[in-house]
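*Asks:* Just the structure for this:
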Amino acid sequence: MSPGTAADGARFEYASDQSLLVSFGDAITLEAHHRVHTLLVSLQNTPVAATLNLHPAYCSLLIKFDPRRAAHEDIEREVRARLARLGTEPAAPARQVEIPVCYGGDFGPDLASLAALRCLPIEEVVRLHSQRTYTVYFLGFVPGFAYLGTVADEIAAPRLASPRRRVEAGSVGIAGHQTGIYPSPVPGGWRLIGRTPLSMFRAERDPMSLLAPGDEVRFRPICRDEYARIEAGGV
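*Replies:* Predicted structure coming up:
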């Protein structure tokens, strides 16, 4: 069997001598994400023999396997069969997660400039950001960093021309039509509009990351006092 495109549109590529890339198109869409996530969950619950790791992205899933135990053709054959079965199964309901966010001030140093860039009042940026339900497409960049979409066109904005050397943990940012939460202090170039007091990643916690691919997220605006209360509770 040679890599190619399945009847359902899934594309198979040999990414390395020990990995198979399964893609569902090239555009970032919820339909592609749902297909990635459904396959991911299926392979997590009932693994294909020789599989080592699964790495989801916006519209693809990278499957790493032990080449001493299986060949590309073996993995591809199993995944094709799995996709055929999954096509008849209903999608599992997404987990709903609410993230409290204190917008603006030193927590959101780019909120005012983003509002000016988009010719909107600050309050409207907050409203537009917090009224949507976002999907966690995948985790990447650093442990626990969730890529969420899709931001409303009215507040979508490019990354900063010069990234910050340090972005505090819990900072909520926008980059293009993505929004995300920095789980730890790292350099970053997303436009920061607020901060959550929740801990997004803890190595000693199970699961370590607060968010997982497939989750649906809503942001809830809070004041500084509520931020302090939640932070003191160590959530």
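*Asks:* all helices of the chain, in order?
*Replies:* Counting by DSSP state H, the chain has helices at residues 30-45, 72-86, 111-117, 122-130, 224-232.
*Asks:* do you know which of those lies nearest residue 188?
*Replies:* helix 111-117 (15.0 Å; C-beta to C-beta). For every residue, glycine as well, the C-beta is placed using N, CA and C.
*Asks:* list the helices and strands the closest one packs on?
*Replies:* helix 122-130, strand 191-195 (3 or more C-beta pairs under 8 Å, 6 or more residues apart in numbering; DSSP states H and E).
*Asks:* what about residue 181, distance to residue 144?
*Replies:* Residue 181 sits 8 Å away from residue 144, going by C-beta to C-beta, to the nearest Å.
*Asks:* er, residue 103 actually
*Replies:* 21 Å.
*Asks:* What is the neighbour count of the closest residue in space to residue 32 that isn't next to it in sequence?
*Replies:* Of all residues not flanking residue 32 in the chain, residue 59 sits nearest, at 3.8 Å (C-beta to C-beta, 6 or more residues apart in numbering). By the criterion of other C-beta atoms under 10 Å, residue 59 has 20 neighbours.
*Asks:* thought residue 59 was touching residue 22?
*Replies:* No. Residue 59 lies out of contact with residue 22 (C-beta atoms under 8 Å); the separation is 9.9 Å.
*Asks:* quick one, longest strand in this protein?
*Replies:* Longest strand in the chain by number of residues (criterion: DSSP state E): strand 96-103.
*Asks:* So in that sheet, which strands flank that strand, and in what orientation?
*Replies:* Strand pairing for strand 96-103, using DSSP bridges, gives strand 191-195 (antiparallel), strand 216-221 (parallel).
*Asks:* average pLDDT across the last one?
*Replies:* Confidence for strand 216-221, expressed as mean pLDDT, is 98.
*Asks:* If we go by neighbour counts, what in that strand is buried?
*Replies:* Of all the residues in strand 216-221, those buried under the rule 16 or more other C-beta atoms under 10 Å are 217, 219, 221.
*Asks:* who's residue 100 bridged to?
*Replies:* residue 220.
*Asks:* quick revisit: show me which positions of the longest strand of the chain end up buried.
*Replies:* Neighbour counts over strand 96-103 (16+ other C-beta under 10 Å) mark 97, 99, 100, 101, 102, 103 as buried.
*Asks:* Cool, thanks, signing off.
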